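Undergrad: below is the sequence, then the predicted model.
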Amino acid sequence: MITRMKISGFKNLVDVDVRFGPFTCLAGANGVGKSNLFDAIMFLSALAEKPLIEAAIFVRGKGGRTADVRHLFHQIGEDYADTMSFEVEMIIPHKGIDDFGQMAVAGITSLRYAVKLAYRRDKGEDTLGGWLEVLHEELKPIKLGDASRQCLFPHKVSTWRKSAIRGRRSAFFISTEGDGPARIIRMHQDSGGNKTDNWRRGSGPSFSAAGLPRTVLSSATNASETPTALLVRREMQSWRLMQLEPSALRKPDDIAAPGKLGTDGSHLPATLYRLAGNRQHSHNAYGDQIPGRIYAEVAGRLSELINDVREVRVERDEKRESLTLEVVDHDGTAHPARSLSDGSLRFLALTVLGMDNEEQSLLCLEEPENGIHPERIPAMIQLLQDIATDTDDPIGPDNPLSQIIINTHSPAVVGQIPDDCLLVAELKEYVNKDKRFKGLSLGCLDKTWRTRAPERIRIVSKGKLLSYLNPISPEPDTDDGTKIGRAHV
């Protein structure tokens, strides 16, 4: 769960400093850079598991296509920034499994990870036009005494915070030492939260920063030597940008298909089939409940969007070796997924995703209102809020450490979002070395929790935000009593 993120030099994000709660809606017109913030999150996620170049290729380029890795760096005219930096404060799960199936226990669950990358170009041109170098990387704990400053969003200290933020540590887990070509990045060993572990804390392996093909964090795989760094890596790897495509949602699955929802919505039938306990290897939070109970819960949620829903089920066809998701109406007519509306399918996918405790982490969603009738938008917003962790209750199987970030340019969505959950995205003009450029600027509404942060933040009225998103205002009556609408320029 991300609580704060600082970004500079990435696309049109320059000195961006943003705080997140369990549920955040980023509202702003198209083209201001809302998607770039998602790309920054996904780039960090990729850096936790992929080589630097592969992580760069993973991020969307202009027009959705990736070419030179330089496209990631902030650009003013023909000039690009030489470096980009990220700093993210997060809360991670207390326990997890390493790459060898061993239990890892975090020494502390509140941490700050920072990485700074530079663009380099060899004399010999390569197909990607350059490469990336790690200038600085560190992972350090956030003291328990600073938890109140890290979690400014409303929450119960005695229940949620005490269960989410655990452990004690003062030393670095990853540090950078030295300057220039002699720069070293070191992974520090720790015993995690295992009190019976006799492993002595100390310095672990070190790496020459100039030649690193990937971040040091991405090499954390061992629960016995680097459990906290491993769990940070696991947390970042789990961050997902969901771009639900109706064509993928409509497809049936093979019986052997993976029971995990793809970022485009693929494998929806197989995922629901697994959650319902139809597979022997299934692990879910519903114990020995029969599949009908799971299907009934999904149907109940879908009925908030569609009135005529009696049942949701997954039909297994042994002859075709396929799984097909069906919605049954009150007349008993079964409607396969291919006949459902786009909005219904997206809502159904998010309902299933919210039930899957194996996938509870950070989910980013672009314009979740697409395909949803305006009258049903409140049901969609409520569903997303329900997926996010409940900060009144302790963290546990029924209340995982999950987080939702959405973006939108819809006034209908903004009107349904609690003021505390809104971030306002606009383009702001900056000056750097006598050159003017426009970058993403984030603000919040007055008298909300973000205004208590020590850093300065732009305050925007909700009326201005709605006017900005829906720039049509009525003109005074004409002599014949009619009104003429005109767009703000």
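TA: Nice, I can see it. Numbers count the residues shown, from 1 in each chain.
Undergrad: tell me where this protein has helices.
TA: In the chain, the helices defined using DSSP state H lie at 34-47, 52-58, 147-150, 162-164, 227-237, 246-250, 268-275, 291-302, 342-355, 377-387, 411-414, 462-469.
Undergrad: so which of these gets nearest residue 328?
TA: Smallest distance to residue 328 across those (Cβ to Cβ): 8.3 Å, for helix 291-302. Where C-beta positions appear, they are placed from N, C-alpha and C, glycine not excepted.
Undergrad: mean confidence for that closest one?
TA: Per-residue pLDDT values over helix 291-302 give a mean of 88.
Undergrad: which elements pack onto it?
TA: Where contact means 3 or more Cβ pairs under 8 Å, 6 or more residues apart in numbering; DSSP states H and E, helix 291-302 is packed against helix 268-275, strand 311-317, helix 342-355.
Undergrad: could you rerun that using 10 Å?
TA: When contacts are defined as 3 or more Cβ pairs under 10 Å, 6 or more residues apart in numbering; DSSP states H and E, helix 291-302 sits against helix 268-275, strand 311-317, strand 322-328, helix 342-355, helix 377-387.
Undergrad: can you give me how far it is from the chain middle?
TA: 26 Å (Cα atoms, centre = their mean, to the nearest Å).
Undergrad: okay, angle between it and strand 322-328 too, please.
TA: Orientation of helix 291-302 against strand 322-328 (axes from the mean of the first three to the mean of the last three Cα atoms, to 10 degrees) gives an angle of 50 degrees.
Undergrad: quick one: buried residues of helix 291-302?
TA: The neighbour-count criterion (16 or more other Cβ atoms under 10 Å) identifies 291, 294-299, 301-302 as the buried residues of helix 291-302.
Undergrad: ditto for stretch 340-347
TA: Going through stretch 340-347 with 16+ other Cβ under 10 Å, the ones that come out buried are 340, 342-347.
Undergrad: touching it from outside, list them.
TA: The contact list for stretch 340-347 (Cβ atoms under 10 Å, 6 or more residues apart in numbering) reads 242, 244-250, 265, 268, 301-302, 304-306, 309, 325-327, 335, 337-338, 348, 365, 368-373, 376-377, 379-380, 383.
Undergrad: so what's the gap between it and the chain middle?
TA: Counting by Cα atoms, centre = their mean, stretch 340-347 is centred 22 Å from the centre of its parent chain.
Undergrad: burial measure for residue 47, as a count.
TA: 27 (other Cβ atoms under 10 Å).
Undergrad: need the contact list for it.
TA: Contacts here follow Cβ under 10 Å, 6+ apart; on that basis residue 47 touches 54-56, 58, 86, 113, 115, 117, 132, 134, 137, 214-215, 217-218, 233, 236.
Undergrad: excluding chain neighbours, give the residue nearest to residue 259 in space.
TA: With sequence-adjacent residues excluded and distances taken as Cβ to Cβ, 6 or more residues apart in numbering, residue 259 is closest to residue 274, at 3.2 Å.
Undergrad: flag the shaky bits of the stretch 1-150 of the chain, pLDDT-wise.
TA: Residue ranges of the stretch 1-150 of the chain with pLDDT under 70: 61-67, 122-129.
Undergrad: the same query, at a cut-off of 90, please.
TA: For the stretch 1-150 of the chain, the stretches flagged by pLDDT under 90 are 30-31, 57-71, 75-82, 97-101, 120-131, 144-145, 147-149.
Undergrad: ok, the residue nearest to residue 304 when sequence neighbours are not counted - how many residues close by?
TA: Counting by Cβ to Cβ, 6+ apart, residue 379 is the residue found nearest to residue 304 once chain neighbours are left out, at 4.4 Å. If you count neighbours by other Cβ under 10 Å, residue 379 ends up with 18.
Undergrad: list the residues that contact residue 379.
TA: If you count contacts by Cβ under 10 Å, 6+ apart, residue 379 has them with 301-306, 347, 372-373, 416.
Undergrad: among those residues, the buried ones, what's the ChimeraX command?
TA: The command below creates a ChimeraX selection of those among those that count as buried (16+ other Cβ under 10 Å):
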select :301,302,304,305,306,347,372,416
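Undergrad: just put the contacts of residue 379 in CSV and tack on distance to residue 227.
TA: What follows is these, written out as CSV (distance: Cβ to Cβ, whole Å):
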residue, distance to residue 227
301, 37
302, 40
303, 44
304, 41
305, 42
306, 45
347, 38
372, 42
373, 48
416, 41
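Undergrad: among the contacts of residue 379, name the ones in strands.
TA: Cross-referencing the contacts of residue 379 against strands under DSSP state E gives no overlap.
Undergrad: could you give the mean pLDDT of stretch 231-238?
TA: For stretch 231-238, mean pLDDT rounds to 96.
Undergrad: off-centre distance for that stretch?
TA: For stretch 231-238 - counting by Cα atoms, centre = their mean - the centre lies 12 Å from the chain centre.
Undergrad: show me what counts as buried in it.
TA: Of the residues in stretch 231-238, those scored as buried under the neighbour-count criterion (16+ other Cβ under 10 Å) are 231-236, 238.
Undergrad: in the stretch 251-400 of the chain, where is pLDDT below threshold?
TA: Low-confidence segments of the stretch 251-400 of the chain (pLDDT under 90): 276-294, 304-308, 354-361, 370-376, 397-398.
Undergrad: what residues are up against residue 433?
TA: Residues near residue 433 by Cβ under 10 Å, 6+ apart: 76, 79.
Undergrad: residue 330 contacts residue 299, correct?
TA: No: checked against Cβ atoms under 10 Å, the pair residue 330 and residue 299 is beyond contact range at 11.2 Å.
Undergrad: who touches both of these two?
TA: 309-311.
Undergrad: which PyMOL command selects the buried ones in the residues you listed?
TA: Only the buried members of the shared contacts of residue 330 and residue 299 enter the following PyMOL selection, criterion being 16+ other Cβ under 10 Å:
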select buried, resi 309+311
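Undergrad: same list, the shared contacts of residue 330 and residue 299, but as CSV with distance to residue 101 please.
TA: Written out in CSV, the entries for the shared contacts of residue 330 and residue 299 read as follows (distance: Cβ to Cβ, whole Å):
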residue, distance to residue 101
309, 40
310, 42
311, 38
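Undergrad: return the closest of the shared contacts of residue 330 and residue 299 with respect to residue 440.
TA: Using Cβ to Cβ, residue 309 comes nearest to residue 440 of the shared contacts of residue 330 and residue 299, at 40.1 Å.
Undergrad: quick check: residue 312 vs residue 371, distance?
TA: As judged by Cβ to Cβ, to the nearest Å, residue 312 and residue 371 stand 18 Å apart.
Undergrad: actually residue 275, not the one I wrote
TA: Noted for residue 275: a distance of 23 Å to residue 371, by Cβ to Cβ.
Undergrad: higher neighbour count, these two?
TA: residue 275 (27 against 17).
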